[in-house]
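Engineer: for reference, the sequence and a predicted model appear below.
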Amino acid sequence: MEYIYAALLLHKAGKEINEEAVKKVIEASGIGYNEAKSKALVAALSEVNIDEALKTALAAAPTAATPATTATAPAETKKPKKEEEKEEKKEEEALAGLSALFG
């Protein structure tokens, strides 16, 4: 998990996510560095739009402050089924790459 945190820190700082940068963050935190995990992380994230992944994750997370839907609320517009399937497939592919990090 610390490697994902390192990648998020680098992304937030506007830095390139590469093996050397991840190594520096991990070593600065006092955790032992694992080159294989670092390589796997960098490879998995090379095809992932981190901003989109974060938006998707935050949108899916339930929050206590979300107001309940009322009967007077306007109906949401539905995306065409093919478009939804394409988005779901992209998300699954992105998550599949990240799952390799956790064995």
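Structural biologist: Arrived safely. Numbers count the residues shown, from 1 in each chain.
Engineer: please enumerate the strands of this structure.
Structural biologist: Across the chain, reading from the start of the chain, there are no strands by DSSP state E.
Engineer: quick one: the helices in it?
Structural biologist: Read by DSSP state H, the chain holds these helices, from start to end of the chain: 2-12, 19-28, 35-45, 50-60, 81-99.
Engineer: okay, those helices in TSV with mean neighbour count and mean pLDDT next?
Structural biologist: The way it works is simple: take the backbone N, C-alpha and C, and place the C-beta from them, glycine included. Formatted as TSV, the entries for these read as follows, by neighbours: other C-beta atoms under 10 Å; pLDDT from 0 to 100:
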stretch	mean neighbour count	mean pLDDT
helix 2-12	17	93
helix 19-28	16	95
helix 35-45	16	94
helix 50-60	12	87
helix 81-99	12	68
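Engineer: spit out the contact partners of the nearest residue to residue 9 once chain neighbours are set aside.
Structural biologist: Excluding the flanking residues, the one nearest residue 9 by C-beta to C-beta, 6 or more residues apart in numbering is residue 25, at 5.9 Å. For residue 25, the residues meeting the contact criterion (C-beta atoms under 8 Å, 6 or more residues apart in numbering) are 6, 9-10.
Engineer: with distance to residue 47 added, can I get those residues in CSV?
Structural biologist: As requested, the contacts of residue 25 are arranged in CSV below (distance: C-beta to C-beta, whole Å):
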residue, distance to residue 47
6, 18
9, 20
10, 17
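Engineer: from those residues, which single one is nearest residue 62?
Structural biologist: Here the nearest of those to residue 62, counting by C-beta to C-beta, is residue 9; it sits at 25.5 Å.
Engineer: please tell me how far that closest one sits from residue 22.
Structural biologist: 10 Å (C-beta to C-beta, to the nearest Å).
Engineer: over to residue 86?
Structural biologist: Residue 86 sits 31 Å away from residue 22, taking C-beta to C-beta as the criterion.
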